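Novice: Fold the following.
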Amino acid sequence: MLLFTLLYTLPLSLFSSEKTENISTKSAVIFNTLCSKCHEGECSGRLSFDTGSKTAGSHIRRYSEEHTLSKDKIKEFFALLNHMKKACSIYMPDHIKWSEENLSSFMLPSAKGYFVSLGLLEKGTYRITLRAKEDIHFQTEVLSEHFDHFLNQEVCPEKKNNILQFTISQPTTLFLRIKSRSPLHIVLLKVEKEE
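Specialist: Residues are numbered from 1 along each chain as shown. Sure, this is the predicted structure:
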């Protein structure tokens with residue numbers, strides 16, 4: 001609660017200087033897979049917006065799994081952090097659409113996670129079919145742009161085709177976040193509305 005009080009008392013000028021426009025898909029995938037957990041109650045609250053992206057650089061390098069980040073990339077992460085805290089929403093470039101062929105574009109550099117935009121889905125029950133090259137456990141989440149969770153389930157390696165279901169009661173922009181402890185390569189992702 002103290003963190004949110006602090007954030008709402010900060011001058012808006014601190015947020016306005018950091019824009020999310022033109023942020024790369026790679027940066028958004030890393031941020032939304034690893035760093036957006038800060039918004040979900042797992043952050044120590046030590047990052048201060050008034051210190052700027054330069055001071056936050058070591059923190060960003062440590063938690064983003066990208067130890068060789070350029071200054072420009074650090075600025076992108078800081079802009080995403082500001083956007084998340086100000087707008088209380090996920091930012092993901094909308095000009096790139098996923099397909100079975102380009103899923104690697106939405107994979108972490110470590111291959112230990114994915115963040116995929118599922119787009120605006122109409123109300124109903126949906127089935128996600130996932131197939132990975134490796135036989136390992138991994139965690140799947142379906143969440144809205146405002147961090148509402150519709151699915152949070154572990155996928156077991158015993159099943160070659162893992163089918164997961166979730167229901168939404170109104171049209172919602174959704175995202176799929178996948179995390180694993182070992183490198184993971186998704187070879188099939190299908191999202192289908194059930195009749």
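
Novice: helix, strand or coil for the most centrally placed residue in the chain?
Specialist: Centroid-nearest residue in the chain, with CA atoms, centre = their mean: Asn32, separated by 2.2 Å. Three-state call for Asn32 (DSSP: H, G, I helix; E, B strand; the rest coil): helix.

Novice: Can you tell me the closest non-neighbouring residue to Ile128?
Specialist: Closest residue to Ile128 apart from its sequence neighbours, by CB to CB, 6 or more residues apart in numbering: Leu164 at 4.5 Å. From N, CA and C alone the C-beta is placed, and that goes for glycine too.

Novice: contacting residues around the one you found?
Specialist: 127-128, 130, 140, 142, 151, 153, 155 (CB atoms under 8 Å, 6 or more residues apart in numbering).

Novice: partners of Leu189 in the sheet?
Specialist: Per DSSP bridges, residues listed as beta-bridge partners of Leu189: Leu130.

Novice: Look up how far Leu34 lies from it.
Specialist: Applying CB to CB, to the nearest Å, the value for Leu189 to Leu34 is 20 Å.

Novice: Then Glu134?
Specialist: 20 Å.

Novice: the more surrounded of the two?
Specialist: Leu34 (21 against 15; other CB atoms under 10 Å).

Novice: isn't that one right next to Ser110, touching?
Specialist: No. Contact criterion CB atoms under 8 Å: Leu34 and Ser110 do not qualify, at 9.4 Å.

Novice: can you pull out the helices in this protein?
Specialist: Secondary structure of the chain (DSSP state H): helices located at 2-9, 13-16, 25-34, 52-64, 71-87.

Novice: Show me the protein divided up by domain.
Specialist: Following automatic domain parsing, one gets these domains for the chain: 2-87, 103-193.

Novice: Mind putting the ones you listed into CSV with mean pLDDT and distance to Lys97?
Specialist: Shown next, in CSV, are the domains of the chain (pLDDT from 0 to 100; distance: least, CB to CB, whole Å):
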stretch, mean pLDDT, distance to Lys97
domain 2-87, 66, 11
domain 103-193, 91, 8
